[in-house]
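Engineer: Quick check, what structure comes out for this input:
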Amino acid sequence: MSHPQKFHFIAIGGSVMHNLAIALSQQGHHISGSDDDIQDPSKSKLSKHNLLPSALGWFPDKIDNTINAVILGMHAKKDNPELLKAESLGLPILSFPEFIYNQSINKQRIVICGSHGKTTITALLIHVLSFFNRKFDYVIGAQQEGMENTVKLTDAPIILIEGDEYLSSPLDPTAKFLKYHHHMAIISGIAWDHANVFPTSAAYEQQFELLADASPKCGTIIYNSDDKVVEKIAKKERADVQAIGYTTHDHVIENGVVYLIGSGKERTPIQLFGKHNLQNISAAKELLKKIGISNDQFYEALPSFKGADGRLQKIYANDSSTVYKDFAHAPSKVKASTEAIKSIFPKRHLIGCLELHTYSSMNKTFLPEYNGSMKACDTALVFFNPEKVKQKGLEELDESQIKRAFDHKNLVVFTDVHAMTDHLKSLPTKDTNLAMMSSGNFNGLNLNQLAETLFN
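Structural biologist: The predicted structure follows:
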């Protein structure tokens, strides 16, 4: 590492921001930061590394000419007093993706993109490369088992970056994944999301076309050919850019276990399941081949991969029932996750419980995108907090709108988490699976405790 530098984080409590702050601190840099709201796990992790601000709020006095760069999080506003001070002093102000690019300018940059599957593919790549003791850095959207931090920056020759299509910073509306200047990119699937910044599906899809167009000469796009929108974008003629399509991996399911079928008909048992995960596996396999991991090596490493944390994560199981916690919130994710559970346990009754938590999911214009997304569920529950709808400045939602949007005959809508848990307790649980799906936390509901209560 070069000599220690001073970095100040505006909105240090963000999920990726606090991990970057910790990674830089561990490299010996001097880190300061501010935020007006810091929740766990960010709060505990920052405290553990002595990086937790002594008080919540914004303090322009923290900003002076000794700071080498200010790293600006999405949670901050354009009129943030610390940002205004940094601008007045002419300090370098970088978004998170710009900073990561600057740190990886001399590395081979591999960016994993798509509306869904990004975290699982990135976690799978990390698992396989670690299995074979390869040197690499990474940026991933969620902490994985055995991983201390979601950001790793060393002198490794390769960096894997989970690339988000959301805006880079309050000052820069560019999609984050465009800031990484990839050499290789994976596009796992495209389904309209982030309706607050991409008001139409066309505006959303355009971000991925810009990504593909930004591929350098001798660059590679690895794309899901089962997704027609992705295929159309990836197969557009681009000079000296290789486009490699992948599809759902051949497999069989026996006694609830998925076996991959190799080219020589050899079978590999895996812990993942569901069509979307079989596509994610194919994406990782194609990418790894480009950086020196053979198919045989890939199949050797794969059985020990448990899946990405919080993605179809098994939190309870007995002889006749399983409870899953899943980050699913967008329509395509809800559909993929519920169909995956049904595919592995077709005879079990499936209860799907979804929290509408994001701006898009609580937006009346976007709600119809959920049509048919819970079709695989025998019983469907949808929960939302009316206060969150107000906080996001959206029109009030009512039960009839949600029922029309989802178009599921057994859908029940809740605005009170206790009423929802009481309803769950009234349902039969033998030969039943439960999927608790949210990018939030069901108003602080303890899912492990709920599972024990329902199924014991």
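
Engineer: following the helix ranked longest in the chain, which helix or strand comes up?
Structural biologist: Scanning the chain for the longest helix, with DSSP state H as the assignment, gives helix 275-290. With elements assigned by DSSP states H and E, the helix or strand that comes after helix 275-290 is helix 295-301.

Engineer: Would you check that my belief about residue 29 contacting residue 3 is correct?
Structural biologist: No - using CB atoms under 8 Å, residue 29 makes no contact with residue 3, being 9.5 Å away. No exception for glycine: its C-beta is placed from N, CA and C like everyone else's.

Engineer: roughly how far apart are the nearest residue to residue 41 once chain neighbours are set aside and residue 119?
Structural biologist: Spatial nearest neighbour of residue 41, chain neighbours left out: residue 143 (7.6 Å); criterion: CB to CB, 6 or more residues apart in numbering. To residue 119, residue 143 is 10 Å away according to CB to CB, to the nearest Å.

Engineer: same check, this time on residue 424
Structural biologist: 27 Å.

Engineer: higher neighbour count, those two?
Structural biologist: Relative neighbour count places residue 119 above the other of residue 424 and residue 119, with 22 against 19, counting by other CB atoms under 10 Å.

Engineer: Who are the contact partners of that one?
Structural biologist: By CB atoms under 8 Å, 6 or more residues apart in numbering, the contact list for residue 119 reads 140-142, 162, 308, 311, 327.

Engineer: And the average pLDDT for the helix or strand residue 341 falls within is what?
Structural biologist: Per DSSP H and E, residue 341 falls inside helix 331-344. The average of the pLDDT scores along helix 331-344 is 94.

Engineer: again with stretch 364-375
Structural biologist: Stretch 364-375 comes out at a mean pLDDT of 95.

Engineer: Now for the residue nearest to residue 41, how many residues are close by?
Structural biologist: Around residue 143 there are 18 residues (other CB under 10 Å).

Engineer: pLDDT wise, what is residue 413 at?
Structural biologist: 97.

Engineer: Any idea how many residues pack against the residue nearest to residue 11 when sequence neighbours are not counted?
Structural biologist: Spatial nearest neighbour of residue 11, chain neighbours left out: residue 73 (3.0 Å); criterion: CB to CB, 6+ apart. Counted with other CB under 10 Å, residues neighbouring residue 73 total 23.

Engineer: And for the one 4 residues further on?
Structural biologist: The burial metric for residue 77, expressed as a neighbour count using other CB under 10 Å, is 11.

Engineer: That one: which element?
Structural biologist: Counting by DSSP H and E, residue 77 is part of no helix or strand.

Engineer: Report the contact partners of the closest residue to it other than its chain neighbours.
Structural biologist: Leaving aside its sequence neighbours, residue 77 sits nearest to residue 170 (CB to CB, 6+ apart; 6.0 Å). Contact partners of residue 170, counting by CB under 8 Å, 6+ apart, are 72, 74, 76-78, 80, 83.

Engineer: Also residue 442?
Structural biologist: If you count contacts by CB under 8 Å, 6+ apart, then residue 442 has 355, 383, 417, 420, 436 around it.

Engineer: Let me know the pLDDT of it.
Structural biologist: On the pLDDT scale, residue 442 gets 95.

Engineer: Could you grab the helix/strand/coil label for it?
Structural biologist: The three-state label given to residue 442 by DSSP: H, G, I helix; E, B strand; the rest coil is coil.

Engineer: coming back round to it: who wins for neighbours among the contacts of residue 119?
Structural biologist: residue 308 (28 neighbours).

Engineer: quick one: that residue and residue 144 touch, right?
Structural biologist: Yes - using CB under 8 Å, residue 308 is in contact with residue 144, at 6.4 Å.

Engineer: what residues do the two have in common as contacts?
Structural biologist: Joint contacts of residue 308 and residue 144 (CB under 8 Å, 6+ apart) are residue 123.

Engineer: who touches the longest strand seen in the chain?
Structural biologist: Taking DSSP state E as the criterion, the chain has its longest strand at strand 349-356. Outside strand 349-356, the residues within contact range by CB under 8 Å, 6+ apart are 328-329, 334, 338, 341-342, 362, 374, 376-384, 397, 402, 420, 424, 427-428, 431-440, 442.

Engineer: what is the rounded mean pLDDT of that strand?
Structural biologist: 97.

Engineer: partners of it in the sheet?
Structural biologist: If you go by DSSP bridges, strand 349-356 pairs up with strand 379-384 (parallel), strand 432-437 (parallel).

Engineer: Deepest in the core, which of the ones you listed is it.
Structural biologist: Of all the strands paired with strand 349-356, strand 432-437 carries the top mean neighbour count, a mean of 24, counting by mean count of other CB atoms under 10 Å.

Engineer: what bridges to residue 434?
Structural biologist: Bridge pairing for residue 434 - DSSP bridges - gives residue 323, residue 351.

Engineer: Which positions within the host helix or strand of residue 121 qualify as buried?
Structural biologist: Taking DSSP H and E as the definition, residue 121 sits inside helix 118-131. In terms of neighbour count (16 or more other CB atoms under 10 Å), helix 118-131 has its buried residues at 118-129, 131.

Engineer: And stretch 227-234, by the same measure?
Structural biologist: 227, 229-231, 233-234.

Engineer: And those, which is closest to residue 409?
Structural biologist: Here the nearest of those to residue 409, counting by CB to CB, is residue 227; it sits at 28.6 Å.

Engineer: How many neighbouring residues does the residue lying closest to residue 443 once chain neighbours are set aside have?
Structural biologist: Distances taken as CB to CB, 6+ apart put residue 417 closest to residue 443, at 4.5 Å, once the chain neighbours are dropped. When neighbours are counted by other CB under 10 Å, residue 417 registers 16.

Engineer: OK, contacts around residue 417?
Structural biologist: Neighbour list for residue 417: 383, 442-443, 445 [criterion: CB under 8 Å, 6+ apart].

Engineer: ok so, going back, and residue 29 and residue 3? which has more neighbours close in?
Structural biologist: residue 29 (17 against 6).

Engineer: check contacts around that one.
Structural biologist: 4-7.
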